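Chemist: This is a predicted model, with the sequence first.
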Amino acid sequence: TPKSLKGFPGVTSFGNKISFCLTPKQSFEVLLLKIRFGCFKIKEMKILFPLVELCTLISVGELGINLEKFITHLSKSGQEIQICLPFYKNLISPKNKIVPLTGKNYKGNIINLSGFPVSFWKAEFNKCSVYLIRNSDFFTYRPNVYGYEDDNYRFSFYCLAFIELLKYIEKPDLIHVHDWHTALIPLLLKEKGFNIKTILTIHNIYFQGLSEPDILNFIGLGPEFFRTNSLEFYNKVNLLKAGLLNADIITANSKNYLSEIQESPSVSNGLNGLLKQISNKSFAISYGIEESYNPQKDKNIPFYYSIADLVGKINCKTQLQKELDLPIHTEIPILTIPSSQISGPEIWLLNSIIPYLIRMEIQIIILGNKLADFEKNIREVAFRLNCTVISVEDSDENMRKVFAGADIFLDTSADSRNDHLIKIALKYGVIPIVL
């Protein structure tokens, strides 16, 4: 109503009529509010997600889990979702029903791209088309998603191959890229003359794809891109900058995180100045919590419980201790630490509190395998008391089981990127502590 909008920037009321004069950013925020409160539905769009991991198909940790949930909900809302992934070795399975891509001038033939052979394949996942980019050198014959010295070249090649793929499929209305691995795509789209809108979502700005300048030759970009107002970043090529400068919209997963990376040089790893410059196209869209994260009906946990009846949580804790071969004692607190997106400074911070942890009678469960040194350091301390530590695979199912049995969630992130995990922990009655 006019009365309720009185004083809102850019709003003028004339009797029962309202006139809006908003900035583009205010207009976008009003649009989000209208969508959230059901004032109208978004026009059905064809949205293509070039990803490097996706839970169920190929996942390393939180990124793949969150992307699958996001894509599943978008698909249910009526959007036509398509996915693109590298053709990893782990995807070769009869259940995936992978076939060569055919149609629109492509007949399954091998294409030479930057001196490397590439072919395109197709599968289906949750009623969504999945395009696979196959190359033996970079993806198909390698057992892992990340962790190679040439990762920057691998994912740059993936971006180049994705642009090539667009020639053989129906054009999407929107391309949504995530983090540095696919941040080259908005730039390459412009360079190749594609008129497709793009969104870049920042999940973890600590990793930026910093590369030596010669990667520009591999990508096919000239020396004019090695400038401060382009991809140059302290005498390196910053692949994330390609997306920040060229994507139509930038999003982060919480208001706190967006604010922190715009203001803090340490949290943004030096990109805060650029993020301030592009603040007019940057928005925070917080993760929601899926309804299935509910200990009263979560089928992944052994016992149900609620805030009114916590007996099930005690039983979940006992069961977790049994499964992980930990001493069974309900009075010993279980502390869980996520590691999938942990960075170097955060590992240093964890190592600095080892002298305090080893004095406690506590059980530590690490989600993921990126804290092997931390785990080893605790085990090697000769005079620790009853402090035990163990790591489990970082999967959605394991996270639910661990949260159901844990007492404390230790968030080591130097920023707010784990806000959604804190929300989930609270749903399971786990106390979050932020270092």
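Modeler: Sure, I can see it. Since the structure is predicted, the reported quantities are computational estimates derived from the model, not experimental observations.
Chemist: Residue 404 contacts residue 310, doesn't it?
Modeler: No - the pair residue 404 / residue 310 is not scored as a contact, 11.2 Å apart, by C-beta atoms under 8 Å. C-beta here means a position set from N, CA and C on the backbone, and glycine is covered the same way.
Chemist: of those two, who's got more company?
Modeler: Using other C-beta atoms under 10 Å as the criterion, residue 404 and residue 310 rank with residue 404 on top: 25 against 13.
Chemist: Which residues are in contact with that one?
Modeler: Counting by C-beta atoms under 8 Å, 6 or more residues apart in numbering, residue 404 touches 295, 298, 301-303, 305, 313, 316-317, 320, 428.
Chemist: between the residues you listed, which is closest to residue 289?
Modeler: Nearest to residue 289 among the contacts of residue 404: residue 428, at 10.8 Å, using C-beta to C-beta.
Chemist: So the residue nearest to that closest one when sequence neighbours are not counted versus residue 256, what's the distance?
Modeler: Distance criterion C-beta to C-beta, 6 or more residues apart in numbering; nearest residue to residue 428, sequence neighbours excluded, is residue 403 at 4.0 Å. Per C-beta to C-beta, to the nearest Å, residue 403 is found 22 Å from residue 256.
Chemist: more crowded one of those two?
Modeler: Taking other C-beta under 10 Å, residue 403 and residue 256 do not tie; residue 403 has more neighbours (28 against 15).
Chemist: So the more buried one, which state does it fall into?
Modeler: Here residue 403 is recorded as helix under DSSP: H, G, I helix; E, B strand; the rest coil.
Chemist: Which members of the contacts of residue 404 define the maximum pairwise distance?
Modeler: Pairwise distances across those (C-beta to C-beta) peak at 14.8 Å, for the pair 298 and 317.
Chemist: Quick one: low-confidence residue ranges for the stretch 251-400 of the chain.
Modeler: The stretch 251-400 of the chain contains residues with pLDDT under 70 at 341, 381-385.
Chemist: Can you show me the strands along it?
Modeler: 282-284, 334-338, 363-367, 388-392 (DSSP state E, counting those that start in this stretch).
Chemist: what are the pairing partners of the first one, and which direction each?
Modeler: Strand 282-284 has these partner strands in its sheet, going by DSSP bridges: strand 249-252 (parallel).
Chemist: which residues are contacting the partner strand?
Modeler: Contacts with strand 249-252, where a contact means C-beta under 8 Å, 6+ apart, come from 197-202, 243-244, 258, 261, 275, 278, 281-285.
Chemist: swap in stretch 96-107?
Modeler: Against stretch 96-107 from outside (C-beta under 8 Å, 6+ apart): 57, 87, 91-92, 108, 119-124, 131-132, 167-170.
Chemist: So which of the residues you listed belong to strands?
Modeler: The strands, defined by DSSP state E, take in 119-124, 131-132 from these.
Chemist: and residue 117, how many neighbours?
Modeler: So residue 117, with other C-beta under 10 Å, has 12 neighbours.
Chemist: Let me know the pLDDT of it.
Modeler: Looking at residue 117, its pLDDT stands at 94.
Chemist: Ramachandran angles for it?
Modeler: phi -80, psi 140 (degrees, to the nearest 10).
Chemist: Check whether it really touches residue 110, as I assumed.
Modeler: Yes - using C-beta under 8 Å, residue 117 is in contact with residue 110, at 4.8 Å.
Chemist: Find the helix or strand that the most centrally placed residue in the chain is a member of.
Modeler: Of all residues in the chain, the one closest to the mean position by C-alpha atoms, centre = their mean is residue 63, 3.2 Å from it. Here residue 63, judged by DSSP states H and E, is contained in helix 62-76.
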